[in-house]
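Engineer: test case, fold it:
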Amino acid sequence: MQCCGYGLSEGDGVRSEDEAVTVRFVDAVWLEDGLGEKTRQAYRSDLQRLAAWLENQPGRPLLAEARRTDLLAWMASGLAEGIKTSTAARRLSGVRRFYRFLLRERLIAEDPTLRIDSPRLPRRLPESLTEEEVDALLAEPDPGLPIEQRDKAMLEILYGCGLRVSELTGLRVDQVNLRQGVIRVTGKGDKERLVPLGEEAVDWLLRYMKEGRPELLKGRACDALFPGNRPAAMTRQTFWHRVRHYALRTGIRKHLSPHTLRHAFATHLLNNGADLRVVQMLLGHSDLSTTQIYTHVARQRLQSLHQAHHPRG
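Structural biologist: Here you go, the predicted structure:
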């Protein structure tokens, strides 16, 4: 059966045994997960590369005969030839899935990728906004318009609390305690955390709940704190469209992502002396190492301050 049309031709230089097991695997991932053509083609190409490399090694092992040492040597040869670490990690991911398939089908007795770690990818620093850019963005919505008053409150909470966009759009009215100045947020893994609201966020949220929200709902019942056009929670996509709208109006030309204001929240806290553990709790990170990426951003500002103000800087 070749339902996804990825039979290998003799011109590919792949031995018939490797051809058969590759086709079987690619057909399986198509049937089980409906993976797109580009992904299936990538799996096929990576397995062809591995099969060709194995054929030139001592003993000329087939794909189903490869050992952990063979796969480590194959990865090392690719890195030595100058492929990117991200490419090596992608290739290993596909090959790992291939051998798990062979193990499940009882075509091999042991998964040779079991004790192979993925190459360490360089941690990308998230792009952030300066404090001045955040001020300009948050000042852009017109509070005289109910929709923009809602957006203003959402931006103030997003930046003031460091929420994920999904956490913000998913907020219900009963998760807000304005008297105590906190919101109860449901994060990843359904974990709840209490996040303090700043004075600005409290003030704008109070005004929005008294003015803008009733105008938007027009008497319709809705437990979502921030409804969209219908009496239901706004989608993440709609909100992010609104953020980009205000960024363009403000003149911000940076590439923004749904996490940009969350990154700005963490970076600005650290720049102003906040403890990393506190930032971890506010962001809802279960592991401190996830939060530590922001220390690289904050360190740049510390270095610039040192150079500007230290007599030996």
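
Engineer: please make it C-alpha for all contacts and neighbour counts, starting now.
Structural biologist: OK.

Engineer: from Leu158, how far out is the spatially most central residue of the chain?
Structural biologist: Among the residues of the chain, the one closest to the centroid is His259, at 8.7 Å (Cα atoms, centre = their mean). Distance of His259 to Leu158, given as Cα to Cα, to the nearest Å: 10 Å.

Engineer: quickly list what's touching both of the two.
Structural biologist: Both His259 and Leu158 are contacted by 164-165, under the criterion Cα atoms under 8 Å, 6 or more residues apart in numbering.

Engineer: thinking again about what came up before, count of residues packed around the nearest residue to the residue nearest to the centre of the chain once chain neighbours are set aside?
Structural biologist: Excluding its sequence neighbours, the residue lying closest to His259 (Cα to Cα, 6 or more residues apart in numbering) is Arg164, at 6.6 Å. Arg164 has 23 neighbours, counted by other Cα atoms under 10 Å.

Engineer: wait, Arg164 touches Arg262, no?
Structural biologist: Yes: between Arg164 and Arg262 there is a contact under Cα atoms under 8 Å: 6.7 Å.

Engineer: next up, the contacts around the closest residue to Leu145 other than its chain neighbours.
Structural biologist: Take Leu145 and drop its neighbours on the chain: the residue closest to it by Cα to Cα, 6+ apart is Gly212, 7.6 Å away. Contact analysis of Gly212 by Cα under 8 Å, 6+ apart lists 145-147, 149-150.

Engineer: filter these down to the buried ones, PyMOL style.
Structural biologist: Buried members of the contacts of Gly212, defined by 16 or more other Cα atoms under 10 Å, are picked up in PyMOL with:
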select buried, resi 146+147+149+150
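
Engineer: nearest residue to Gly78 other than its sequence neighbours?
Structural biologist: Ala88 (7.3 Å).

Engineer: which residues in the stretch 101-250 of the chain form strands?
Structural biologist: Taking DSSP state E, counting those that start in this stretch, the strands of the stretch 101-250 of the chain run over residues 176-177, 182-186, 192-196.

Engineer: would JSON lines of those strands with mean pLDDT and distance to Arg15 be doable?
Structural biologist: Shown next, in JSON lines, are the strands of the stretch 101-250 of the chain (pLDDT from 0 to 100; distance: least, Cα to Cα, whole Å):
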{"stretch": "strand 176-177", "mean pLDDT": "93", "distance to Arg15": "64"}
{"stretch": "strand 182-186", "mean pLDDT": "89", "distance to Arg15": "53"}
{"stretch": "strand 192-196", "mean pLDDT": "86", "distance to Arg15": "54"}
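
Engineer: right, so of those strands, which gets closest to Gly219?
Structural biologist: Minimum separation from Gly219 across the strands of the stretch 101-250 of the chain (Cα to Cα) falls at strand 176-177, 20.5 Å.
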